[in-house]
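Novice: For reference, the sequence and a predicted model appear below.
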There are 2 protein chains.
Amino acid sequence: MILRNWLAMVLLLSPAPRYTTALWPIPSSLSRGATAVKLSSVFDIHIDISSPPADLVAAVSRTRSRITTDRFQRLVIGRSTTDISSISSARTLTSLSLALHPGSLVRSIADETNQPITSRSEVYSLAITGDRPSAILIANSTLGLFRGLATFEQLWYDLNGTKYLLDGGIDIVDQPAFPYRGFSFDTSRNFYPVADILRTIDAMSWVKLSILYWHVIDSQSFPLHVEAYPELAEKGAYSAEEIYSQNDIRTIVQYANERGVDVVMELDSPGHTTAIGAAHPELIACAAKSPWASYASEPPAGQLRIASPATVEFAKTLFDSVASVLPSKMMSSGGDEVNLPCWEEDEETETDLAERNITIADALNDFVQAVQGVITSHGKTPFIKSDMVLTHNVPVVNDTVVVVWQTSEDAVSVAERNLRFIHQPSNYFYLDCGAGEWLGNDVLGNSWCDPFKTWQRAYSFDPLANLTEDQHHLVLGGQMPIWSEQSSPENLDPIIWPRLAVAAEVFWTGATLPDGSPRLGPNATSGRNALARLNELRYRLVDRGVSAIALQPKWCVLRPGECDLDS
Amino acid sequence: MILRNWLAMVLLLSPAPRYTTALWPIPSSLSRGATAVKLSSVFDIHIDISSPPADLVAAVSRTRSRITTDRFQRLVIGRSTTDISSISSARTLTSLSLALHPGSLVRSIADETNQPITSRSEVYSLAITGDRPSAILIANSTLGLFRGLATFEQLWYDLNGTKYLLDGGIDIVDQPAFPYRGFSFDTSRNFYPVADILRTIDAMSWVKLSILYWHVIDSQSFPLHVEAYPELAEKGAYSAEEIYSQNDIRTIVQYANERGVDVVMELDSPGHTTAIGAAHPELIACAAKSPWASYASEPPAGQLRIASPATVEFAKTLFDSVASVLPSKMMSSGGDEVNLPCWEEDEETETDLAERNITIADALNDFVQAVQGVITSHGKTPFIKSDMVLTHNVPVVNDTVVVVWQTSEDAVSVAERNLRFIHQPSNYFYLDCGAGEWLGNDVLGNSWCDPFKTWQRAYSFDPLANLTEDQHHLVLGGQMPIWSEQSSPENLDPIIWPRLAVAAEVFWTGATLPDGSPRLGPNATSGRNALARLNELRYRLVDRGVSAIALQPKWCVLRPGECDLDS
């Protein structure tokens, strides 16, 4: 009792209360006590579900294993000694029990993850009361239980093999503010082996990210095996070793789905497709035409010859072949940065347009309609890039999701068209910005989206800014992308982590922190806590083998607030 | 003969001649032929020196091993097939012979590396003639031979285990433009295990960098075991696991010296020393005083109490203890960013000044004189940061080397004082810039030395800019630093490589490329070639286990010039 009072007093008196359980993303509702709790040496996790799905059993097994192998210690000065007395008098937790609310369907995590984005249930409640030997995790779905497991894993600190926390009496009821919390991954400019993608999915799942938006192909290389057109990868990939095989794709998608991550594949088109020309030069206009800057946003130039019926047929078969192997209810045809001079100066395109007596705008509409038709025919929601809608005014099917990317200000314009959308603003979320120019002989050039997008900048993003209340339902969430012109397996972890976790909190936690204070704005007191929690997440990631960068000197990490600008 | 003519023709007709041997740094004199050469399956390296030093034997052994294990392939489209016919008709090289010019001293590489910086001989000549089965490497010293081995290792491409080159008839006579080619490594803000330092030294040696300038301690932590004051690390390091032991230091220095890398240690003082206060609070003024911004350039505040005779004695013993275990003929007392209010508001300092009837400027002069005296008493050249000379006008011993860091423009001012110096300009060379603010609650802040210093920016640096010819001898070279506020083992390789290699070419190759063209300026045609060569170096580094970042999409790497801004 003395200990409890002392701890309570410390928590009350501390000018900048620092929670010992530094969760990320912070739950939507969270209360904490002051009872030290440690895991029993025979701690186990029970699933109170008859015939639990195999991927839930596997997830529980991974959680059990991680709780054992995590060596992450509390980030306070002298941590090895500070907590010893608390631990010795801590209550012992012997188990965690997982249950579904009565009447819930029992489906695999993967099945739940592939439900339509707006009908998934990720809500869960987790209670670790000070006086009961078992913690309780309850949800409406296995996906909700999986989210709860991710929270449970973040609660514990290690000291000489003992796993403990100091603020038992934890009561969490948690659900995401937005269902779409994503990472957009470009595997075309440079290639990433499957192992890098799987490691990234694991780390995504630890912070409850829900979508891997896979920008798999582009003008530089075509690393995707397509059953209908194997020659695309054979000739368009960088090498035979730099191709995602059918088996690779199945492995990645299944791995992701079992971890609550839906894989939304983008086949960017009709721009960003030059690599198709390696196998099918007849389909590409202005292929590698010089000067590239007149015909494309980056080298090499090249776009699908959308005015040609053969090209449209090719695209339909391409989308059909890829869509048929993907379980997601979403798929993207991209559509950013099409270049009109590329088509205007292409003789074949001019001939096709003349023969059909249509304009290039007509052809673009037909093309988009064709590929969206294939996507919807597979029961999937089509995604499209915002410039296709805002710049080219291409009509899209009603439930299309628009990827708002050029600037955050475009969200309002998309909302005014009553289209659903996700946020991917280059002025907040692009993980690759600020590392200088990658084009040759631009001696002192900066990157086009300078400066570097700091975690603070990303964290300051408000998903509902400038929208009316009746437009809020149009916002599905958002995602941070890595474009790989200057990235590769060698810097994947440090360039995305821990910044990518910011998207998790922006779109899971939403506008309000569990203490009722706003996450953003002049009254937000969260900046300091957010940094302390993000530092902790970073050290947890490193402990688990993800090479997340340091956000501060360790001196500052150990002393939250003391490296603040004004402290 | 037909093959030779064909190759020669290709080389002549190619609009942007691309050398097949993409050396970095490019030798000061280089001629190439057009004879394909491959290494014999029994290829060996002979040392034609009686009783060769053990570290030369070891270096040869490593080269032999790397030539076998390197799997780096030529970066051209379809490289696996393009070179097959050339290889099948290639001449076979059966050996490389190493020899010293008659009359040369036979000393170990480590001994040569620890000679005074201006009296080392790194010159070597390397000939691989088309018609002789043995290549010849000759130098005046084992250090020169070591530099030649680094060149030899860069010549070869792999195809299915065969090592070959296409432009045999190679004749290289090479020597550095500047002897000091360094990397400054901050191991205080965040700690790096010994393995990370050794890997970095290896990679440094591959591009002929000659100095590891070890910024080992700072205000945040004191990770250095000091024989005279073991308590400094015991209490000032982040943890017991984050200390460089005596043995670690010996290992690092020896490893570096055997690889032609001299270790210049900086004990930054009297600023940047707060961590000393963990063990000796009586030595530190304004320790962690708030607001830190009034008393230091970054948190925590704290400086040595230079007016106190006890502190000066402490510093002398500290420098003496550290100097005595380091073989280098150079050592730095740092001296950047001292803060006058820290001392002005420190009661003990005011008392000391009053008792001794001196000013703080006098005390600073005395302090610098004292530590420089210890450094010179060990036969070492003292280094000092430029603001100590330019801002504080502290008198320094005659042969002091000034580290010019605040801006490249300061070099002229230092030269005007007739002091020798090295370039470390924050506006060209700082590897950590551009990743945003690391201070807490500076919501949208950028890094103080924005923007990111691209390789192009660093490459554009001219070491002799604005200097008169009779000042040229004052330039020893330069170094690129990594400051570790936002760096750690997790991003070490990607943050420094391949950019650090730019320092190698800037200070080894100097003003003129081997074809006689200027490396810089309006007539420089090197931009494209430099990028192609740097891309190649990057892939070689990755092949050898160094996680250097991609500078471009692989599509561009395989097509030099085609991703130029204007192509």
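Specialist: Good, I have the coordinates. Numbers count the residues shown, from 1 in each chain, chains lettered A, B, ... in the order given.

Novice: Can you say which helix or strand has A:S86 in it?
Specialist: In this structure, A:S86 is located in helix A:84-88 according to DSSP states H and E.

Novice: err, A:F421, not the other one
Specialist: strand A:420-423.

Novice: Domain ranges for chain A, per the record?
Specialist: According to automatic domain parsing, chain A comprises the domains A:18-176+A:536-557, A:180-508.

Novice: sorry, back to before: quick one: mean pLDDT over the strand holding A:F421.
Specialist: Per-region confidence: strand A:420-423 scores 98 on mean pLDDT.

Novice: With only the CA atoms kept, save that strand in PDB.
Specialist: Extracted in PDB, the C-alpha atoms of strand A:420-423 (Å, rounded to 0.1, in the frame of the first residue of the first chain):
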ATOM      1  CA  ARG A 420     -14.300   8.900 -50.600                       C
ATOM      2  CA  PHE A 421     -10.600   9.400 -50.200                       C
ATOM      3  CA  ILE A 422      -7.400   8.600 -48.300                       C
ATOM      4  CA  HIS A 423      -4.800  11.200 -47.300                       C
END
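
Novice: Could you list the paired strands of that strand along with their orientation?
Specialist: strand A:401-404 (parallel), strand A:475-482 (parallel) (DSSP bridges).

Novice: immediately after that strand, which helix or strand?
Specialist: helix A:455-459.

Novice: centre of the chain versus that next one, how much separation?
Specialist: 15 Å (Cα atoms, centre = their mean, to the nearest Å).

Novice: Is chain B within reach of that helix?
Specialist: Yes. Helix A:455-459 is in contact with chain B by Cβ under 8 Å from any Cβ of the partner chain, via A:W455, A:Q456, A:R457. Quick note: C-beta positions are derived from backbone N, CA and C, even for glycine.

Novice: and which of those residues is nearest to A:G260?
Specialist: Among the residues of helix A:455-459 next to chain B, A:W455 lies closest to A:G260 (Cβ to Cβ), at 22.9 Å.

Novice: Go ahead and confirm the closest one touches A:V502.
Specialist: Yes. With contact defined as Cβ atoms under 8 Å, A:W455 counts as touching A:V502 (5.2 Å).

Novice: Which one of the two is surrounded by more residues?
Specialist: Counted by other Cβ atoms under 10 Å in any protein chain shown, A:W455 and A:V502 do not tie: A:V502 has more neighbours, with 27 against 19.

Novice: I figured the more buried one hits A:K453, correct?
Specialist: No. Counting by Cβ under 8 Å, A:V502 stays clear of A:K453, with 9.4 Å between them.

Novice: Return the distance of A:T200 relative to chain B.
Specialist: Going from A:T200 to chain B by Cβ to the nearest Cβ, to the nearest Å gives 15 Å.

Novice: Then A:P133?
Specialist: Going from A:P133 to chain B by Cβ to the nearest Cβ gives 34 Å.

Novice: Now do the contacts for that residue.
Specialist: A:S40, A:R91, A:T92, A:L93, A:T94, A:S95 (Cβ atoms under 8 Å, 6 or more residues apart in numbering or on different chains).

Novice: Put the buried members of those residues into a PyMOL selection.
Specialist: Buried subset of those, written as a PyMOL selection, criterion 16 or more other Cβ atoms under 10 Å in any protein chain shown:
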select buried, chain A and resi 91+93+95
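
Novice: tell me the average confidence for the longest strand seen in chain A?
Specialist: Ordering each strand of chain A by length in residues (DSSP state E) puts strand A:35-47 first. Averaged across strand A:35-47, pLDDT comes to 96.

Novice: Could you tell me which residues of the stretch 51-200 of chain A lie near chain B?
Specialist: Contact residues (Cβ under 8 Å from any Cβ) of the stretch 51-200 of chain A with chain B: A:S188, A:R189, A:N190, A:F191.

Novice: before we move on, the earlier item: can you give me the buried ones in the longest strand of chain A?
Specialist: Applying 16+ other Cβ under 10 Å to strand A:35-47 flags A:T35, A:A36, A:V37, A:K38, A:L39, A:F43, A:I45, A:I47 as buried.

Novice: And for stretch A:445-452?
Specialist: A:G445, A:N446, A:S447, A:C449, A:D450, A:P451, A:F452.

Novice: how far does it stretch from start to finish?
Specialist: 14 Å (Cα to Cα, to the nearest Å).

Novice: Check what contacts that stretch and list those residues.
Specialist: Contacts of stretch A:445-452 (Cβ under 8 Å, 6+ apart): A:426-427, A:430, A:432-439, B:434-436, B:446, B:450-452, B:454, B:456, B:565.

Novice: Drop anything exposed from these.
Specialist: A:426, A:430, A:432-439, B:434-436, B:446, B:450-452, B:454, B:456, B:565.

Novice: So which elements touch the helix or strand containing A:V253?
Specialist: If you go by DSSP H and E, A:V253 is part of helix A:246-257. Applying 3 or more Cβ pairs under 8 Å, 6 or more residues apart in numbering or on different chains; DSSP states H and E, one finds that helix A:246-257 makes contact with helix A:109-113, helix A:194-206, strand A:262-266.

Novice: export it as CSV, just CAs?
Specialist: Backbone C-alpha positions of helix A:246-257 (Å, rounded to 0.1, in the frame of the first residue of the first chain) are rendered in CSV as follows:
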residue,chain,number,x,y,z
GLN,A,246,3.3,-16.0,-57.8
ASN,A,247,4.5,-17.8,-54.7
ASP,A,248,6.1,-14.6,-53.3
ILE,A,249,2.9,-12.7,-53.8
ARG,A,250,0.9,-15.4,-52.1
THR,A,251,3.4,-15.5,-49.2
ILE,A,252,3.4,-11.7,-48.8
VAL,A,253,-0.4,-11.3,-48.9
GLN,A,254,-1.1,-14.2,-46.6
TYR,A,255,1.6,-13.0,-44.1
ALA,A,256,0.1,-9.6,-44.1
ASN,A,257,-3.5,-10.7,-43.9
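
Novice: tilt between it and helix A:194-206?
Specialist: Between helix A:246-257 and helix A:194-206, the angle comes out at 10 degrees (axes from the mean of the first three to the mean of the last three Cα atoms, to 10 degrees).

Novice: Grab the nearest non-local neighbour of A:Q456.
Specialist: B:V443 (5.1 Å; Cβ to Cβ, 6 or more residues apart in numbering or on different chains).

Novice: Looking at that neighbour now. What's its pLDDT?
Specialist: Each residue has a pLDDT score; the one for B:V443 is 71.

Novice: so it touches A:A458, yeah?
Specialist: No. Look at B:V443 against A:A458 with Cβ under 8 Å: they stay out of range, at 11.1 Å.
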